[in-house]
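Undergrad: Sequence and predicted model, in that order:
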Number of protein chains: 2
Amino acid sequence: MGKRVTLADVARKAGLSPSAASMILNGRPDTRLSADAHERVHAAASELGYRPNVAARALRTDTTHTIGFVSDHVATTRFASGLIKGSLEAAEAAGHVVLVAETGGEPEREVEAVSALLDRQVDGIIFASMRARETFVPPLPSRTRIVMLNATNDVHTCSVLPDEETGGRRAVELLADAGITEGIVLLGYDAEAERDVFRSETVASRIRGMSETLRERGMTLARSESIWLWEPASGHEVISRLLAEGERPKAIICLNDRLAFGASQALAEAGLGIPDDVSLVSFDNDELAAYLRPGLTTIGLPHEEMGRRAVELLLEPDGPPPGIHLVEMPVVVRASIRPA
Amino acid sequence: MGKRVTLADVARKAGLSPSAASMILNGRPDTRLSADAHERVHAAASELGYRPNVAARALRTDTTHTIGFVSDHVATTRFASGLIKGSLEAAEAAGHVVLVAETGGEPEREVEAVSALLDRQVDGIIFASMRARETFVPPLPSRTRIVMLNATNDVHTCSVLPDEETGGRRAVELLADAGITEGIVLLGYDAEAERDVFRSETVASRIRGMSETLRERGMTLARSESIWLWEPASGHEVISRLLAEGERPKAIICLNDRLAFGASQALAEAGLGIPDDVSLVSFDNDELAAYLRPGLTTIGLPHEEMGRRAVELLLEPDGPPPGIHLVEMPVVVRASIRPA
DNA sequence: TCCGCGTGCTGAATGGATTTAGCACGCACA
DNA sequence: TGTGCGTGCTAAATCCATTCAGCACGCGGA
């Protein structure tokens, strides 16, 4: 109905010029406007319910209090929606709003999405990926603020990643602390089989953390199984085969919860109980982990916290600090490891 | 580095005034500019890579090619992320971009989110809810375009909902067509127990569809179990209890896949096989449904299609057409119903 | 020669907030 | 009386695209 209240309306009501009103509402420091003027302007603004027009402000100042979130599949698959959730929360807390674009990882759509965001003068862009790895970023004006979320990039070096190395350590420690030091099967990766394969830097870190901890504790893996696609069906298949071959693991470390889910089905079919016969640890803290019976002990991907960090870094006064910013992976203890 | 190209740059390069360039680039119909001028302007624009400044345009025209997506929990839980995905796709196809805000269903945050969107002059707002029901919408300028997504509202009547009634029919038909006409347990809702409870209009429709189909086919339910929280644990608990009481269902209709997940665990523990001993149908087509062994036959929630429809309706030339717009629920046949 | 009219284009206002340069006033001091 | 300076505020330019009113030119007809 009524048109929006403008700064001019506020100024008129306060008996001042728009310039004065602007300076007061923006809390400019070196202005010499009277205390009385401050009061009148604030009163008028709140009485009229004044809200600045973002477009007009953007035109002058090139800031919109809006950030862009470009992802390959993050927003729209359930796997990593926590990244969005954390980002939205942090953005809201900082008085910002988030423009979301999904590109399916296709460079053309990526270019288009970034253009669309720049047209709207976003204050910065977060590039999020489902798979934590080197991610394509279209050419950008050099002053654009960029944070890579669960991703890395050669030229835009401010990255937020899960601390996979420590996560890997934790998984092994959980077993060691439960007194399980042998008969451990690693499900999802085999160093020999995947020697020259680039999977992702984070998987490499995770494996490194596990290996070091194994070595420190004088433990070795009974076996490790390479699996390319970490889905339940593969977990089921591989564990079924192992059991058929006569393997009797004391514990299985699964590189994600979906593998663990498949593994647990295979164990159940073979009449093996969790955790009495076999202990299970895994990674991600997927929804599945809580649904399993018994609940799955897992090293969580801290997606929400990562999303939050990314926004906070993006909005740092001097721009995103370069470097890798690691976020701790929480140890979610449920009931799939047999107590010592 | 270089500043953005403005309309003035294009006009200068084409040897025309900005006015002319503007009219040509916007394809204004009644202008009398020469074919030659058209050519020069388009050439200059594409050579310079001109992209209009959205803020400047917004200031004049009050349109931003940006739509707002306000949800209670949709964006950030995995349950309904398809709604976002569909919306993003349709928006992209229409040359729009989406501002996402999540409110947790709290009215205060909702008001704040809507203000933030209006400050940015969105062309319309989609209100999405996880639970399809009457949803709070803050007061808005009357000309604002609104679509309710998986939600309804008294004053904003353009709604997109799943066609639950037909979905309910389909579930019963699947069983009937497999020759299962008795010993059917409904898990999740009991008409007697929940007579005066308002759960949601969509659940009511689903139940109505099922009841009518049962009646038409001369079938009755062996039993129906009220469950308030549709989570795996409840499904497990109730089915375990039923089995302990000696109930031997031929089929179970679960009101969502998580209940079905719990139910299947209970059946497995009791040594009952799916689908040989008990058939299972359920609703949602959650990720879980595919992970189960055997795969779960389920009536899917068409979230992506709903998101797409919502955006299309929002952008209709004459504004969102009032009324309920139903989207068909797909029947996802897997292997949890024993063939006739 | 002058009017009228169509054609092809431009000038200037507009939207709303920010920001720089500077005006007007009062007081102190010489 | 005039100079200098601090105080409190305002005018006007600016960001960029859109849009209405209207200018200049040329041609046809009287």
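TA: Noted; the coordinates are in hand. Numbers count the residues shown, from 1 in each chain, chains lettered A, B, ... in the order given.

Undergrad: for the strand ranked longest in chain A, packing partners?
TA: Identified as the longest strand of chain A according to DSSP state E is strand A:124-134. The helices and strands touching strand A:124-134, judged by 3 or more Cβ pairs under 8 Å, 6 or more residues apart in numbering or on different chains; DSSP states H and E, are strand A:66-71, helix A:81-93, strand A:146-152, helix A:201-216, helix A:303-314. (Each C-beta comes from the backbone N, C-alpha and C, glycine too.)

Undergrad: Can I get these in JSON lines including mean pLDDT?
TA: JSON lines is the format used below for the helices and strands packed on strand A:124-134 (pLDDT from 0 to 100):
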{"stretch": "strand A:66-71", "mean pLDDT": "96"}
{"stretch": "helix A:81-93", "mean pLDDT": "94"}
{"stretch": "strand A:146-152", "mean pLDDT": "95"}
{"stretch": "helix A:201-216", "mean pLDDT": "93"}
{"stretch": "helix A:303-314", "mean pLDDT": "97"}
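
Undergrad: now the strands: where do they sit in chain A?
TA: Using DSSP E, strands in chain A cover A:66-71, A:97-102, A:124-134, A:146-152, A:158-162, A:184-188, A:223-226, A:251-254, A:279-284, A:297-300, A:323-327, A:331-332.

Undergrad: hang on, the earlier thing: just checking: what are the partner strands of the longest strand of chain A?
TA: Using DSSP bridges, the strands paired with strand A:124-134 in its sheet are strand A:66-71 (parallel), strand A:146-152 (parallel).

Undergrad: who wins for proximity to DNA strand C among those strands?
TA: Ranking those by their distance to DNA strand C (criterion: Cβ to the nearest atom of the strand) puts strand A:66-71 first, at 14.5 Å.

Undergrad: relative to helix A:81-93, how tilted is the closest one?
TA: Here the directions of strand A:66-71 and helix A:81-93 differ by 180 degrees (axes from the mean of the first three to the mean of the last three Cα atoms, to 10 degrees).

Undergrad: now strand A:66-71, how far from the chain's geometric center?
TA: Put simply, strand A:66-71 sits 13 Å off its chain's centre (Cα atoms, centre = their mean, to the nearest Å).

Undergrad: Likewise for stretch A:118-132?
TA: With Cα atoms, centre = their mean, you get 13 Å for stretch A:118-132.

Undergrad: ok, A:Ala151 - contacts?
TA: Applying Cβ atoms under 8 Å, 6 or more residues apart in numbering or on different chains to A:Ala151 gives the contacts A:Phe127, A:Ala128, A:Ser129, A:Ala132, A:Arg133, A:Glu134, A:Thr135, A:Ser159.

Undergrad: ditto for A:Asn256
TA: Per Cβ under 8 Å, 6+ apart, neighbours of A:Asn256: A:Gly188, A:Trp230, A:Ser282, A:Phe283, A:Asp284, A:Asp286.

Undergrad: beta partners of the fourth one?
TA: On the basis of DSSP bridges, A:Phe283 is bridged to A:Ile299.

Undergrad: can I get the contacts of A:Asn256 in CSV with neighbour count?
TA: Below are the contacts of A:Asn256 laid out as CSV (neighbours: other Cβ atoms under 10 Å in any protein chain shown):
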residue, neighbour count
A:Gly188, 29
A:Trp230, 21
A:Ser282, 31
A:Phe283, 28
A:Asp284, 24
A:Asp286, 23
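
Undergrad: and A:Ala55, how many neighbours?
TA: 23 (other Cβ atoms under 10 Å in any protein chain shown).

Undergrad: For it, give me its contacts.
TA: Neighbour list for A:Ala55: B:Val54, B:Ala55, B:Ala56, B:Ala58, B:Leu59, B:Thr64, B:Arg120, B:Gln121 [criterion: Cβ under 8 Å, 6+ apart].

Undergrad: Please indicate which of those are buried?
TA: Buried members of the contacts of A:Ala55, scored by 16 or more other Cβ atoms under 10 Å in any protein chain shown, are B:Val54, B:Ala55, B:Ala58, B:Thr64, B:Arg120, B:Gln121.

Undergrad: so what's the spatially closest residue to A:Met210 that is not a sequence neighbour scoring on pLDDT?
TA: Spatial nearest neighbour of A:Met210, excluding adjacent residues (Cβ to Cβ, 6 or more residues apart in numbering or on different chains): A:Gly168 at 4.0 Å. Model confidence at A:Gly168, given as pLDDT, is 98.

Undergrad: ok, now A:Arg78?
TA: For A:Arg78, the predicted pLDDT is 65.

Undergrad: go on, A:Leu288?
TA: The model reports A:Leu288 with a pLDDT of 88.

Undergrad: ok, it touching B:Leu292?
TA: No: A:Leu288 is not in contact with B:Leu292 according to Cβ atoms under 8 Å; the separation is 11.0 Å.

Undergrad: quick one on the thing from earlier: give the rounded mean pLDDT of the longest strand of chain A.
TA: Averaging pLDDT along strand A:124-134 yields 89.

Undergrad: Output that strand in CSV, but only the C-alpha positions, please.
TA: Output of strand A:124-134 as CSV, limited to C-alpha atoms (Å, rounded to 0.1, in the frame of the first residue of the first chain):
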residue,chain,number,x,y,z
GLY,A,124,32.0,-12.0,-1.4
ILE,A,125,31.6,-15.5,-2.7
ILE,A,126,31.9,-18.9,-1.0
PHE,A,127,32.7,-21.8,-3.3
ALA,A,128,31.5,-25.0,-1.7
SER,A,129,32.2,-28.5,-3.0
MET,A,130,30.9,-31.8,-2.0
ARG,A,131,34.2,-33.5,-2.6
ALA,A,132,37.0,-31.6,-0.8
ARG,A,133,39.4,-31.0,-3.6
GLU,A,134,40.8,-28.5,-6.0
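
Undergrad: If anything else comes up later, I'll come back, but that's it for now.
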